[in-house]
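Make a model of this:
(2 chains)
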Amino acid sequence: MTNTVNSVEDPEFKQPNAEFCYAGVDALLIEFGHEIDACLPSYLATIRQRILDSLGSVVSEVVPAYASLLVYYEPRAVRPYDLQIAMENLIAEVPWLCSPWSAEDANAPGKLVEVQVCYDPSLAPDLERVMTITGLSAEQVVAAHTGQQLQVYALGFAPGFAYLGSLPESLSVPRLDAPRTHIAAGSVGIAEQQSAVYPQDSPGGWNIIGRSPVQWFDPQRQPMTAVQVGDRIQFKAIDLATYQAIVEQGASS
Amino acid sequence: MTGFRVIKGGILSLIQDTGRLGFQHLGVTRGGPLDANSAYWANRLLDNPVDAAVIEITAGGLELESRTQTMVAITGGDLNLTVNDVPQVPWRSFWVRQGDRLKFSTPRYGFRAYLAVSGGFQTPLVLGSRATVMRDQLGGVAGDGRPLQAGDELPCGHLQHEPLSRQIPQNYLPQWSQNVVLHVIPGYQQHYFSKAAWQTFWQQEFTLSSDSNRQGARLQGAAIEAPEGKFLSEGVSYGAIQVPPDGQPIIMLEDRQTLGGYPKLGNILPLDGFNLAQCAPGAKVRFQPILLAEAQQQMRRYLRFFGL
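Numbers count the residues shown, from 1 in each chain, chains lettered A, B, ... in the order given. The predicted model follows:
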């Protein structure tokens, strides 16, 4: 099994088949191939919404990931085979647009979110390590990190923690050998060709190259998370003074 | 509001209810009692709604002082509860008065006790649930996911009149042992595992590791051959048996992360997971296959019984 990244332009890449697997007494896993693909997040987000809209009486939750949907259902209300047939019919109706973001309608996931990041060395404990491994200068690291829109592939690990990809290969750095026990909320990490913002103070093993003043997860807020699967992110560099001003402003409001 | 005051938090005492539903797509863990059967029995003894908040007491040490008069119910493992130093029989409801001291010490049998109070503990709702999920920093007495500690106030209602005490009929009491069989529903990534891996899995007696927690039960034994290659992270359902590269299986429980990337052998029957929650580290664990249809029939009976 490989984790190769298909590019949107790749004419070879075809719509993946949906495969159904049992995942215990109250869940079905639908797998859409085994590869990370920029076409998938908006496709999965659309299918997820349709399942909830039309099968919401028997389906309680649908959890999207890179190339799969985990569907939790009520085992007293429906038999797994009947649910599978219903979902197969539903999936057949969803167009394969092979678009890295949703073209269907404005309310669907697919919005572009700009996220400010301060790459000052005082907030970037692993910047040196990243520079050493990649051979890039600090400016080149920032340019590589802010140089393209990133796709939200999945939310997990912690509430609101979004797996973002794909970074250019020139910025690819392995995870830390020993994870840190404490990473400050807002820390921006990179690992392999992925990036993420830590929503809360937590342990973690990604390379921290900056910090964002954005509050990434707030259970009191609607929506609770800054992004959802299918959205896009554009990082934007800010200086330390701007970062501190935003943090102070956030603390006083 | 009246309530209980925490004198000692014990080893790990957590407010739990049926869990935080509907937010797993945002990475929010569900939570909930590890031995849900015992927790729901505690609420049933008091005619509480099934989602009323209870305390899950792991391995003992919790000490409470009542600041109210009400009925409480105690189920789950026997952690040698005393009220004002008088030993109490578990799996029944009883009356407590203002000033009464409830003290849990070490397990006599089982590993987790459940304490319910009439009407449930009224700690803050976070995303529709009171369940404590430490890793997510959500729920519990302060709403931030921390366990109970000395000085905490646990609000609950009070009762004017003392109702009849009840106890659970003998034939409904679970039979626990430190030697459990877990039924497994295969059918999930099973073809990635070799024949030898499955043989090791079915034939071996595993030992429950002391690294186990609410996130996962970690087992030790001869290594199960893990499949080659990388797997993409995907949603993880209750009871999934993950096999990391070291071959020591991990059974994913209520506080599991919403996504995981290790290959999985299958899922255990949740009813067996409740028995596993009553095992102390060192307990012996074996696996047996079960058909999905049979597993679902058992679960439907359980869910119907508690009106879930």
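
Which helix runs longest in the chain?
Unless you meant another one, I'm taking chain A. In chain A, taking DSSP state H as the definition, the longest helix is helix A:40-55.

Sorry, I should have been clearer: chain B.
Using DSSP H to define each element, chain B has its longest helix at helix B:292-306.

can you list the domains in chain B?
B:2-172, B:179-306 (automatic domain parsing).

quick one, which of those is nearest to chain A?
domain B:179-306 (2.6 Å; C-beta to the nearest C-beta). C-beta here means a position set from N, CA and C on the backbone, and glycine is covered the same way.

What average pLDDT does the closest one get?
Average pLDDT, domain B:179-306: 94.

Now do the end-to-end distance for it.
End-to-end distance of domain B:179-306: 27 Å, with C-alpha to C-alpha, to the nearest Å as the criterion.

next one: stretch B:109-125
Start to finish, the residues bounding stretch B:109-125 are 32 Å apart (C-alpha to C-alpha).

Give me the number of neighbouring residues for residue 141.
Unless you meant another one, I'm taking chain A. Per other C-beta atoms under 10 Å in any protein chain shown, the neighbour tally for A:V141 reads 22.

Switch to chain B, please.
24.

likewise the one 3 residues further on?
Here the count is done by other C-beta under 10 Å, and B:D144 has 14 residues near it.

What of A:E88?
Counted with other C-beta under 10 Å, the neighbours of A:E88 add up to 12.

Now do the contacts for B:E205.
For B:E205, the contact set (C-beta atoms under 8 Å, 6 or more residues apart in numbering or on different chains) comprises B:G221, B:K284, B:V285, B:R286.

Write a ChimeraX command that selects only the buried members of the residues you listed.
Filtering those down to the buried ones (16 or more other C-beta atoms under 10 Å in any protein chain shown) takes a single ChimeraX command:
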select /B:221,284,285
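
and the residue in chain A positioned nearest to chain B, what is it in contact with?
Nearest residue of chain A to chain B (C-beta to the nearest C-beta) works out as A:L70 at 2.6 Å. Counting by C-beta under 8 Å, 6+ apart, A:L70 touches A:23, A:27-30, A:61-63, B:24, B:234-237.

For chain B, which residue occupies the most central location?
Closest to where the C-alpha atoms of chain B average out (C-alpha atoms, centre = their mean) is B:L34, at 1.2 Å.

Next, give phi and psi for it.
phi -70, psi -40 (degrees, to the nearest 10).

correct me, but it touches B:G76?
No: counting by C-beta atoms under 8 Å, B:L34 does not reach B:G76; the two are 9.5 Å apart.

any shared contact partners between the two?
By C-beta under 8 Å, 6+ apart, the residues touching both B:L34 and B:G76 are B:E56, B:R112.

so where do the strands sit in chain A?
According to DSSP state E, chain A carries its strands in the segments A:19-22, A:27-31, A:59-64, A:68-73, A:112-118, A:150-155, A:162-165, A:180-183, A:187-191, A:194-197, A:202-204, A:207-211, A:232-238.

could I get the ones you listed as TSV with mean pLDDT?
Converted to TSV, the strands of chain A look like this (pLDDT from 0 to 100):
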stretch	mean pLDDT
strand A:19-22	92
strand A:27-31	96
strand A:59-64	96
strand A:68-73	97
strand A:112-118	95
strand A:150-155	93
strand A:162-165	93
strand A:180-183	91
strand A:187-191	96
strand A:194-197	94
strand A:202-204	88
strand A:207-211	97
strand A:232-238	95
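
now, of these, which is deepest in the fold?
Most buried of the strands of chain A, by mean neighbour count (mean count of other C-beta atoms under 10 Å in any protein chain shown): strand A:150-155, with a mean of 27.

Contacts made by that strand with the rest, please.
By C-beta under 8 Å, 6+ apart, the surrounding residues in contact with strand A:150-155 are A:36, A:38, A:40-41, A:64-66, A:100-101, A:109, A:161-167, A:194-195, A:225, A:227-235, B:25-27, B:233, B:258-259.

Let me see the residues that make contact with the helix or strand harbouring B:V285.
Assigned by DSSP states H and E, B:V285 belongs to strand B:284-289. Strand B:284-289 has contacts (C-beta under 8 Å, 6+ apart) with B:178-186, B:201-202, B:204-208, B:217, B:219, B:268, B:276, B:279.

What of stretch B:45-52?
B:17-18, B:40, B:43-44, B:71-73, B:75, B:92-93, B:116-121, B:166-168, B:306-308.

Can I have the buried ones of these as a PyMOL selection?
Restricted to buried positions by 16+ other C-beta under 10 Å, the PyMOL selection for the contacts of stretch B:45-52 reads:
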select buried, chain B and resi 17+18+40+43+44+71+72+73+75+93+116+117+118+119+120+121+168
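
who in the stretch 101-250 of chain B is up against chain A?
Taking C-beta under 8 Å from any C-beta of the partner chain as the contact definition, the stretch 101-250 of chain B meets chain A at B:126-127, B:135-138, B:185, B:187-189, B:229-240.

strand partners of the helix or strand in which B:L154 is found, parallel vs antiparallel please.
If you go by DSSP H and E, B:L154 is part of strand B:153-155. Applying DSSP bridges, strand B:153-155 is found paired with strand B:3-9 (antiparallel).

buried stuff in the partner strand?
Residues B:G3, B:F4, B:V6, B:I7, B:G9 are the ones in strand B:3-9 that count as buried (16+ other C-beta under 10 Å).

Below-threshold pLDDT in chain A: ranges please.
Within chain A, the stretches with pLDDT under 70 are A:1-13, A:99-109, A:253.

most distant residue from the middle of it?
Distance from the centre of chain A peaks at A:R76, with 32.8 Å (C-alpha atoms, centre = their mean).

Surely that residue touches B:L303?
Yes: counting by C-beta under 8 Å, A:R76 touches B:L303, with 6.1 Å between them.

Is it correct that B:R135 falls within a helix?
No: counting by DSSP: H, G, I helix; E, B strand; the rest coil, B:R135 is not part of a helix but coil.

residue contacts, it?
By C-beta under 8 Å, 6+ apart, the contact list for B:R135 reads A:A158, A:S202, B:T29, B:G145, B:Q215, B:D255, B:Q257.

By neighbour count, which of these wins?
Ranked by neighbour count (other C-beta under 10 Å), those have B:T29 at the top, with 27 neighbours.

From B:I268, how far out is it?
18 Å (C-beta to C-beta, to the nearest Å).

wait, what's in contact with B:W202?
B:F287, B:Q288, B:P289.

That one in helix, strand or coil?
Assignment for B:W202 (three-state DSSP): helix.
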